[in-house]
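[1] What would the 3D arrangement of this be:
(chains A and B)
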Protein chains: 2
Amino acid sequence: MDYAEAKGYEAVLACEPQNVYYLTGFWGEATVVIAPGGASLIVPALELERAKDSATDVGVIGGQRGPDMTNKLKEAVGSRKALIDNVDVSTFDRFASFLTSDLSADPQAIMSAREVKDAAEISFLVEGGKVMDKLYGVTAELLSPGIDERTVAAAVLDEMVRMKADPPAYVSTLNPLIIASGANGSYPHAYTTEREMERGDLVVCDYVLRFGGYVVDATRTFAISSASDEMKRSYDAVLRSQLSGIEVIRPGVKTDEVDRATRAPLAGAGLEDLFVHGTGHGVGLDVHEAPSIRRGDQEVLKENMAVTVEPGVYVKGRYGIRIEDSLIVREKPLVLTHFEKSLVYV
Amino acid sequence: MDYAEAKGYEAVLACEPQNVYYLTGFWGEATVVIAPGGASLIVPALELERAKDSATDVGVIGGQRGPDMTNKLKEAVGSRKALIDNVDVSTFDRFASFLTSDLSADPQAIMSAREVKDAAEISFLVEGGKVMDKLYGVTAELLSPGIDERTVAAAVLDEMVRMKADPPAYVSTLNPLIIASGANGSYPHAYTTEREMERGDLVVCDYVLRFGGYVVDATRTFAISSASDEMKRSYDAVLRSQLSGIEVIRPGVKTDEVDRATRAPLAGAGLEDLFVHGTGHGVGLDVHEAPSIRRGDQEVLKENMAVTVEPGVYVKGRYGIRIEDSLIVREKPLVLTHFEKSLVYV
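    Numbering: from 1, shown residues only, chains lettered A, B, ... in the order given. This is a model prediction of the structure:
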């Protein structure tokens, strides 16, 4: 609300489930209306009882979809000038059509508060990191010549869900995990296929999980029994790159500095052109959230932001390498994942 | 493009991954620009090689995020008046800021074509239905007094992924599957918990899976060794309701008629007030897409639309019941899931 008030708005509306969860502890189909005097959680009938039982610090109002719901939203917002989170255009237009006051969308309306994590959020991220370490343990045990990518994915998801974590809904990839062996690894966002591992393959294992609502994102690259000298040299450069990026992270540093520190070892090894994606991104209730860590980004890191550092190199038709941790920004960063980062042969 | 031209637009832009996949066969971060003379798939560097290898009938253009990408998008759209799919407001504003011509967002820009499925899409849905049937087989074997919801979810996901399907990214629920036992079943969108099943519980198992890109959505409700007479009567009413809804589905029928046919048996049993959600929805590349089947909806069903019918009753603090199939609209509907619909005791 401070963010909105500073911009001259009198109410904030949140519809993205991540924001609704952040504000109320309830994850589902709902709109939160924050206004001076309190917050309301307005839900369709199917979510009413669950919202009442799981939302905190908020009045819960149920409505029938259609005019009844519209009236309840109008009543909660009143004639206040309002900000709404980053909804889709048709949702925005619908709200704008029935509210009597100005409405503006702003992705930062709630995200500005979400970027810095509190102690409870960090404890979920730490626990999620422990689950992630276990998943790489499972992966290392399973990977072997002849096993296919999808079989590994099935076992990892099974273990993830048993450990009280879930695959987060991330729409930019078709499959919930990336397990990219051999030439498939040269696609940073490879599909999970039925390709069987061969000796001499590298295997990029990029996993995301949600624990207590919060996302941990990590990547390890394994070698199936052996790796070529070129692969080993490239792996070492990516590892130096990743450590170099983490090394400079502290409160007050610009994200562009992290990007430059990460790129330097790759440039030194003549591999920078093979690093075709961003250096990192915030994690939290979304898989990708603010701050972004890319060339030229000027956001200043703050204590207790959660970010990834994930350099990689991608050699078309042959292999890929990526190493990624999620970490909490501190004077000495708190890295959430501890699984071995030197090249593991399986 | 026909849809856009009929509305006076000269180009269509698609950013939603589902629409990009529908138009090109590539699933990832990208924008498709359709204009007279052809279509372009414009992707960031990290997606370039995978897009080239998996997209069909489209020219693939790679760009560096930022001004380079912006220029490539501007060039592809030119000065054409354009429609864009249902992107978030910040994406819309970004496009509107650099395009020189009119831009309007319209959820139907691509969805109008997606609603009716072709033979290839239907074959994925049919195969997905077979996977779904297997998942209920796995569920029936596993469910027993003492097993907890999360353990069942882990095993079902494991089997799903082994069978070449994946949990779709559906952001409105925290967990990828709904396995809601006992009182948890009274929440239509229950969280998956560690609650252990008890004799006399009903267990609502609502699964979604994506096969070949296409989503099948189904629900079965099981009884743990026994059910009360009230539960049996309610179950029978929900089953009659679901069959009654399917019975009226054929090309030319309004979705409101399907809703009414589904409600009638519940009203007859005095249970209509406990049916707190919509009757059904389209399925395809999204878990929920057009057409919607709710009270008052006036859309007319067409041959080869794919929809769900999913009545339920929810008794606060005690139990829930839901039965759902996905089906293809035909003179005689092609139901995709065949697992037993009378109450299965496990």
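[2] who's in contact with the helix-or-strand element of chain A with minimal mean pLDDT?
    When each helix and strand of chain A is scored by mean pLDDT, DSSP states H and E, helix A:2-6 comes last, with a mean of 89. Helix A:2-6 has contacts (CB atoms under 8 Å, 6 or more residues apart in numbering or on different chains) with A:10, A:11, A:12, A:34, A:83, A:108, A:109, A:112, A:113. Bear in mind the C-beta positions are built from the backbone N, C-alpha and C, glycine included.
[3] Quick check: phi and psi at the third one.
    It stands for residue A:12. phi -130, psi 130 (degrees, to the nearest 10).
[4] re earlier: from the contacts of helix A:2-6, which land in helices?
    Residues of the contacts of helix A:2-6 located in helices (DSSP state H): A:108, A:109, A:112, A:113.
[5] Tell me how far the second one lies from chain B.
    By that I understand residue A:109. 11 Å (CB to the nearest CB, to the nearest Å).
[6] tell me which parts of the stretch 1-150 of chain A are close to chain B?
    By CB under 8 Å from any CB of the partner chain, the residues of the stretch 1-150 of chain A that approach chain B are A:16-18, A:21, A:27-29, A:44-50, A:53-54, A:65-66, A:86-90, A:92-93, A:105, A:107, A:150.
[7] Flag every buried residue along the least confident helix or strand of chain A.
    Buried positions in helix A:2-6, judged by neighbour count with 16 or more other CB atoms under 10 Å in any protein chain shown: A:3, A:4.
[8] for stretch A:196-211, same thing?
    A:197, A:201, A:202, A:203, A:204, A:205, A:206, A:207, A:208, A:209, A:210, A:211.
[9] From those residues, list the ones also adjacent to chain B.
    Near chain B, by the rule CB under 8 Å from any CB, you find residue A:210 out of the buried residues of stretch A:196-211.
[10] Can you say which two of the buried residues of stretch A:196-211 are spatially most distant?
    Greatest spacing in the buried residues of stretch A:196-211, by CB to CB: A:201 and A:211 (30.0 Å).
[11] show me the contacts for residue A:282.
    Listed by CB under 8 Å, 6+ apart, the contact partners of residue A:282 are A:115, A:288, A:289, A:290, A:291, A:292, A:305, A:306, A:307, A:308.
[12] The second one against residue A:281, yeah?
    To tie it back to what came earlier, the one meant is residue A:288. Yes. Under the criterion of CB atoms under 8 Å, residue A:288 makes contact with residue A:281 at 4.7 Å.
[13] Need the residues that contact the helix of greatest length in chain A.
    The longest helix of chain A (DSSP H) is helix A:119-142. Here helix A:119-142 makes contact (CB under 8 Å, 6+ apart) with A:117, A:151-152, A:155-156, A:159-160, A:163-165, A:205, A:207, A:209-216, A:218, A:220, A:222, A:283-284, A:304, A:306, A:326, A:328, A:334-340, A:344, A:346.
[14] which parts of it are buried?
    Using 16+ other CB under 10 Å as the test for burial, helix A:119-142 gives A:121-122, A:124-125, A:127-136, A:138-140, A:142.
[15] pLDDT (mean, whole number) over that helix?
    Regarding helix A:119-142, the rounded mean pLDDT is 98.
[16] Of the residues of the stretch 1-150 of chain A next to chain B, just the buried ones, PyMOL syntax please.
    Of the residues of the stretch 1-150 of chain A next to chain B, the buried ones go into a single PyMOL selection, burial set by 16+ other CB under 10 Å:
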select buried, chain A and resi 16+17+18+21+27+28+29+44+45+46+47+48+49+50+54+65+86+87+88+89+92+105+107+150
